[in-house]
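> Compute the structure for the input listed below.
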Amino acid sequence: MKKSIVAGLFLAALTIGKVSAQDIVSRVAGLEDNKEYMDLLRRDEQLRVQTDSLMFQMRTLRSAMTKNAEQRDSLAQVKGDSLMMLLSGVESKVYALRASKVKLIDKINTIEQNYVLSTMGNIGDAQSAQGSKSLYSNAYFVQSFDGEDYKMLMDVHGKEAKAYGYVQTYVKNYSNIKSLYDQYLLGKEEAEAERLYAEMSEAMAENMIVERQLADIWSEIYDQKCYIYSYFLEKENRLDLLELLENMMAESRQEKLAALDDCVSEHIMDYCLQKPIALNYEMYVAKLLNLPPAIDSLSVAARNVRSIDYRMPVIDVERRSFVDYEPIEFLSRSPYTASNPIPEVTVYEYGDIYRILVGTFKYKQQPSIFRNAAPLYVEQLEDGRFSYYVGGLRTRDEAESAVVIMKKKGFKNPQIVEWCDGEKINLSEEGAARSTYRISISGAALDDVVREVIDKMAEGCQLSRLSENSFLLSSFDSRSVAERVAQAIGKCNDALVVEVQEIKPDVMEEE
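Modelled structure (predicted):
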C-alpha cells in the first residue's frame, strides 16, 4: 500500500510537468499579458492535479480500511493502524494543498476584480442618487425596478443567511462523520462500534435533511438574483459584464463536472460554485453605483465562501457485523471443564446467526451430557432456567442440516433459534414468526424533504396514506432501523408526530 501511494504521488509529479507546458487561458480578457496572473493560473492547475491524485489515494485507502475492518484479528488491527497512519498523512497533504489553493484563488480573484472594476466606471447619476452605502437601499438601484421585482429581490436576499447556515451545518456534520467513521473502522468491540454507527447515522440523516433544505432555498436565491442583476446590467447597457459573468457560469459548470466524483453533496458544491458568481454580480452593480463600502463587504463575503471546502469525498458507511460463525463439531473429548466452563451465549446487536437449542433445564448441566458437541453456549432465561445451544451458523439451510446431524447423534428435539439484530426467535416452534415494525406519522402533510428522507432511508418500505395528515410507513425488520428513520422524519418538521409501532405476528395475520 505504501508503494502504491508513493507511485501515485510520483505520477502526480510527472503530470505537473505536463501541466506546466500547457497553454493556460486567461479567464478575463485583457489579462493575458499579466505574467503574475498567468503564473497564478498555471499554479492553480498544478494544485488541482496534485489534489486529484491524492483524492484517488484517499479513496483507495478507505476502501482497504473497510475490507480490513471485517477481519478483526490481531493482524487486521496492525494493518488497520498502518492504513490509518497512511490515510492521515495523505489527508494532511490534501488539506495543505487546499489551504494553498484558497490563498491562490484569493490572489487570482483580487487581480481579476481589480482589473474589471478599474475599467468599469460609474453610472452618471450614481453618486448623487447614492442615498445609502447599502446596495439594496440605493435610490438609483431601487428605482430601476418595478415594485414586484424589487420585493422579490429583497425576499430572496433575506434567505441568504439561512442558506449559509445550512452549508455550515452540513460541513460541520461531515467533519464529525469522517472522524467517527475512522474510529468505527478501527473499533474492536461491537458495543463501541454500534455507538459510533448510531452517531454517524444521526449526523448523516441530519445532513440529508439539511442538503434538501439548502437545495430548495438556494436554487430560488440564485435564479432570482441572477435574473434581477442581469436585468439591471442589460438596462445599463453593460453587455460586456454580462458576457464576463456568463463565462464565469460556464467555468463553474465545467468545474462541477470535474469534481463530481470527489464531492459528497452536489447541492453544497452548487452553493460554493454559484455563490461567488452572485457576489460578483453584486460587486459589479455596487461599482456602477459607486459604493466602495459595499464592494469591500462583498469581497470579504466572497473570501468566506471560497474557504468552504466542497470537495468532500463520499464516505460509504457500511454497518459492520461482528458475528463470529462457528460450525458444529463432535470432539473426542469435551473442551469444557470446571476451569473452562461453557460460556454465555453471545448476543450481537447487528447481524443474523443461527444456533441449535439442545435443551432447557431448571439447573445448570454438566458438559458431558451434550455428547462432546462444540461450541456450546448457555443462556439463563428470565424464569431462571438455562438453555443450551450448539454452534453459530450463517444460514437457515446450514441450521436445517445441523438439526438432521444432531438427531443422528442422539439429541431428541434439537431446535433452530435465530438471533436477528439482537432479537431471538425459535424457528422450530409451530407458527413461530418475527415481529416487524412500522412508523406512524401524523400532524401535518408530508413535504418533499420528508419524502426524500423516506426514499433514501426506508428503501423497500411502503408509505400508506390514511387521511390528509396521517400516514403509515411499513414495514421494518429491525426496531433500531425504524427508530433511526423516525428520528430523521421528526427533524424535518416539528409539527409531525412520529411513532414506532411493533406489529406482532398475530396482528399481522389479522391485518
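> okay, CA-based contacts and neighbour counts for the rest of this
Will do.
> For residue 453, see how far away the one residue sitting closest to the centre of the chain is.
Closest to where the C-alpha atoms of the chain average out (CA atoms, centre = their mean) is residue 204, at 5.1 Å. Using CA to CA, to the nearest Å, residue 204 is found at 11 Å from residue 453.
> repeat for residue 286
Residue 286 is 41 Å from residue 453, by CA to CA.
> Just give me the neighbour total for residue 283.
24 (other CA atoms under 10 Å).
> how about the helices in this structure?
2-21, 35-69, 74-118, 139-143, 147-157, 160-186, 190-235, 239-259, 266-288, 292-306, 396-408, 448-457, 479-492, 505-510 (DSSP state H).
> Where does pLDDT dip in the chain?
By pLDDT under 70, the weakly predicted segments of the chain are 1-23, 72-74, 124-132, 430-434, 505-511.
> Domain ranges for it, per the record?
Using automatic domain parsing, the domain parsing of the chain gives 1-119, 129-321, 329-426, 436-510.
> in stretch 389-408, what counts as buried?
389, 390, 391, 392, 393, 394, 396, 399, 402, 403, 406 (16 or more other CA atoms under 10 Å).
> does the fourth one really touch residue 326, like I thought?
Yes. Residue 392 is within contact range of residue 326, at 4.7 Å (criterion: CA atoms under 8 Å).
> quick one, what contacts residue 407?
Going by CA atoms under 8 Å, 6 or more residues apart in numbering, residue 407 touches 413, 414.
> That one and residue 415: what is the separation?
10 Å.
> again, but for residue 184
35 Å.
> Show me which of these two is the more surrounded one.
Taking other CA under 10 Å, residue 184 and residue 415 do not tie; residue 184 has more neighbours (24 against 21).
> mind listing what the residue nearest to the more buried one when sequence neighbours are not counted touches?
Closest residue to residue 184 in three dimensions, ignoring its sequence neighbours and counting by CA to CA, 6 or more residues apart in numbering: residue 193, at 5.5 Å. Residues near residue 193 by CA under 8 Å, 6+ apart: 184, 187, 320.
> gap between the longest strand along the chain and the chain center?
Secondary structure of the chain per DSSP state E: the longest strand is strand 352-361. For strand 352-361, the separation from the chain centroid amounts to 39 Å (computed by CA atoms, centre = their mean, to the nearest Å).
> Counting neighbours, what do you get for the closest residue to residue 350 other than its chain neighbours?
Leaving aside its sequence neighbours, residue 350 sits nearest to residue 421 (CA to CA, 6+ apart; 4.1 Å). Other residues within reach of residue 421, judged by other CA under 10 Å, total 19.
> Residue 421 is in contact with residue 351, isn't it?
Yes. Residue 421 is within contact range of residue 351, at 5.2 Å (criterion: CA under 8 Å).
> Next, show the common contact partners of those two.
Counting by CA under 8 Å, 6+ apart, nothing touches both residue 421 and residue 351.
> if we can go back for a sec, with distance to residue 426 as extra columns, can I get the helices of the chain in a markdown table?
Listed next are the helices of the chain as a markdown table, based on distance: least, CA to CA, whole Å:
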| stretch | distance to residue 426 |
| --- | --- |
| helix 2-21 | 49 |
| helix 35-69 | 31 |
| helix 74-118 | 35 |
| helix 139-143 | 75 |
| helix 147-157 | 59 |
| helix 160-186 | 32 |
| helix 190-235 | 24 |
| helix 239-259 | 51 |
| helix 266-288 | 47 |
| helix 292-306 | 58 |
| helix 396-408 | 12 |
| helix 448-457 | 29 |
| helix 479-492 | 19 |
| helix 505-510 | 13 |
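> Residue 471 and residue 497, how far apart?
10 Å.
> which residue packs closest to residue 191, ignoring adjacent ones?
residue 349 is the one closest to residue 191 (CA to CA, 6+ apart), at 7.7 Å.
> what residues are up against the one you found?
With the criterion set at CA under 8 Å, 6+ apart, residue 349 makes contact with 190, 191, 194, 421, 422.
> picking that back up, for the residue nearest to residue 350, give me its contacts.
If you count contacts by CA under 8 Å, 6+ apart, residue 421 has them with 348, 349, 350, 351, 352, 478.
> Please report how far residue 309 lies from residue 206.
19 Å.
> ok, residue 360 touching residue 384?
No. Look at residue 360 against residue 384 with CA under 8 Å: they stay out of range, at 10.4 Å.
> Neighbour count for the two, which is higher?
More neighbours surround residue 360 than the other of residue 360 and residue 384, with 17 against 11 (other CA under 10 Å).
> Please give the number of neighbouring residues around the residue nearest to residue 288 when sequence neighbours are not counted.
With CA to CA, 6+ apart as the criterion, residue 288 has its nearest non-adjacent residue at 4.3 Å, and that residue is residue 122. Neighbour count of residue 122, defined by other CA under 10 Å: 17.
> do you know how far residue 122 is from residue 289?
6 Å.
> Could you do residue 452 as well?
Distance from residue 452 to residue 289, by CA to CA: 43 Å.
> Also residue 363?
Residue 363 is 91 Å from residue 289, by CA to CA.
> Tell me which of the two has more neighbours.
Legend: neighbour count by other CA under 10 Å for residue 363 and residue 289, higher for residue 289 (26 against 11).
> Help me confirm that that one comes into contact with residue 121.
No. Here residue 289 lies out of contact with residue 121, judged by CA under 8 Å, at a distance of 9.2 Å.
> between residue 309 and residue 206, which one's more packed in?
Between residue 309 and residue 206, residue 206 has the larger neighbour count (other CA under 10 Å), namely 20 against 16.
> distance of the more buried one from residue 292?
Counting by CA to CA - residue 206 and residue 292 are separated by 40 Å.
> same check, this time on residue 154
21 Å.
> One more: residue 229?
Using CA to CA, one gets 18 Å for the distance from residue 229 to residue 292.
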